[in-house]
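Asks: The following block contains a protein sequence and its predicted model.
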Amino acid sequence: MSLLAQSLVNGLGQGAAYALIAVGFVIIYKSTYVISFAQPALMAAGATAVALLTVQGGFNFFVAVAITVVAAAALGFGIERSILRPMVGKPVFIVAIITLGLDVVIRIITNRFIGFEVRPMGDPWGLERTQVLGITFQHRHVAAFVTAGVILALLYAFFQYTRMGLAMRAAAFDQETALAQGVNVGTVFGLSWAFAAVLAAIAGVFIGAGSTIDQGTWVVGLKALPAIILGGLDSVPGAVIGGLAVGIVEALFATYQSTYMPWLGSNFSVVAPYVLMLLVLMVRPYGLFGTPEVQRV
């Protein structure tokens, strides 16, 4: 039982980072109807920036994170204004392909800063841990879970109680109606990308915490795709639940697969989130909390 509890705790800590990336996916999709495949690269870029600022630049960790958050917001807003804004009105498929190109470009630039060696994050948690009732809590997992909760609460308050938050909700519901009511949909698009870039960068910090950054770090961000498929492309709560579920499934397979299902081979936990995604797609194509698309003929 303690081993199961330990796996669940580890899964929730890792899943919190996946949830942050997944929420970024959903925010962009709800406002622009485009799936941004640039999120994994933005995550890796944020993690790399913090690693460089702390280890090489000598900045305090939290100062480095603050600088990275501001830079990520500017980068996300700038990408939307300079590259994606001219594509308004074009087929969604074309815009999605452009985000794939952005992912490649950002990863190439990021990898030049990383180099061929692994880079330490320089985080304040490392692999420090505390035991409570026989369960080991890694400080980085606790920090990730608490931070994700605080950020999601702030996002909820922003969307519910601010004018711009209401404008973003209106644009997500119906862009033409929002335009008719005086909402600046262009600004909504830019802020959506800024928010998504910030969430990806913060997630990258926790993915690299207690570990190192290398040229393959971006692959971890792809696990947010099963999370949004599980929860639903247009559901923020679904993205959170999906991210936590993916983290738990990954942790459970890492703990028990070699004992109960050795025929699956080693490291099946890496594949498990995508198997979960396929199973969900077969049963609920729009995810557990997604809105089914109704077409009249």
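Replies: Great, that's in hand. These figures come from a predicted structure and were not determined experimentally.
Asks: Strands of the stretch 151-297 of the chain, start to end?
Replies: With DSSP state E, counting those that start in this stretch applied, the stretch 151-297 of the chain shows strands at 212-213, listed in chain order.
Asks: now it, which segments are flagged as low pLDDT?
Replies: Of all residues in the stretch 151-297 of the chain, those with pLDDT under 70 make up the ranges 293-297.
Asks: From the structure, what's the count of residues near the closest residue to residue 196 other than its chain neighbours?
Replies: Nearest residue to residue 196, sequence neighbours excluded (C-beta to C-beta, 6 or more residues apart in numbering): residue 24, at 3.4 Å. Glycine gets a C-beta too; all of them are placed from N, C-alpha and C. Residues lying near residue 24 (other C-beta atoms under 10 Å) number 31.
Asks: helix or strand for residue 24, which one?
Replies: helix 2-32 (DSSP states H and E).
Asks: what is the mean pLDDT for that helix?
Replies: Averaged across helix 2-32, the pLDDT comes to 90.
Asks: could we number from 14 for the rest of this?
Replies: Taking 14 as the first residue, the last one we looked at is helix 15-45.
Asks: Could you list the buried residues of it?
Replies: For helix 15-45, a neighbour-count test (16 or more other C-beta atoms under 10 Å) marks 19-45 as buried.
Asks: likewise stretch 117-124?
Replies: 119, 120, 123, 124.
Asks: for these, which one is nearest residue 146?
Replies: residue 123 (40.7 Å; C-beta to C-beta).
Asks: Could you report the separation of that closest one from residue 131?
Replies: 14 Å (C-beta to C-beta, to the nearest Å).
Asks: where exactly do the helices run in the stretch 164-310 of the chain?
Replies: 176-186, 188-193, 198-221, 231-234, 237-244, 249-273, 285-296 (DSSP state H, counting those that start in this stretch).
Asks: how about the helices of the stretch 14-163 of the chain, start to end?
Replies: 15-45, 52-64, 74-92, 105-127, 152-174.
Asks: okay, those helices in CSV with distance to residue 211 next?
Replies: Output for the helices of the stretch 14-163 of the chain, formatted as CSV (distance: least, C-beta to C-beta, whole Å):
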stretch, distance to residue 211
helix 15-45, 8
helix 52-64, 8
helix 74-92, 5
helix 105-127, 15
helix 152-174, 9
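Asks: closest one to residue 209 among the ones you listed?
Replies: That would be, of the helices of the stretch 14-163 of the chain and by C-beta to C-beta, helix 15-45, which comes in at 3.4 Å.
Asks: and residue 82, what does it touch?
Replies: Listed by C-beta atoms under 8 Å, 6 or more residues apart in numbering, the contact set of residue 82 reads 211, 214, 215.
Asks: Now for the first one, how many residues are close by?
Replies: When neighbours are defined as other C-beta under 10 Å, residue 211 has 24 of them.
Asks: Quick check, it in contact with residue 87.
Replies: No - using C-beta atoms under 8 Å, residue 211 is not in contact with residue 87; the gap is 9.9 Å.
Asks: My guess is residue 256 contacts residue 32. True?
Replies: Yes - Residue 256 lies in contact with residue 32 (C-beta under 8 Å); the separation is 2.9 Å.
Asks: Now the common contact residues for these two.
Replies: Common contacts of residue 256 and residue 32 (C-beta under 8 Å, 6+ apart): residue 240.
Asks: Mind checking the helices of the stretch 14-163 of the chain for the one nearest to residue 235?
Replies: For residue 235, the closest of the helices of the stretch 14-163 of the chain is helix 52-64, at 5.4 Å, according to C-beta to C-beta.
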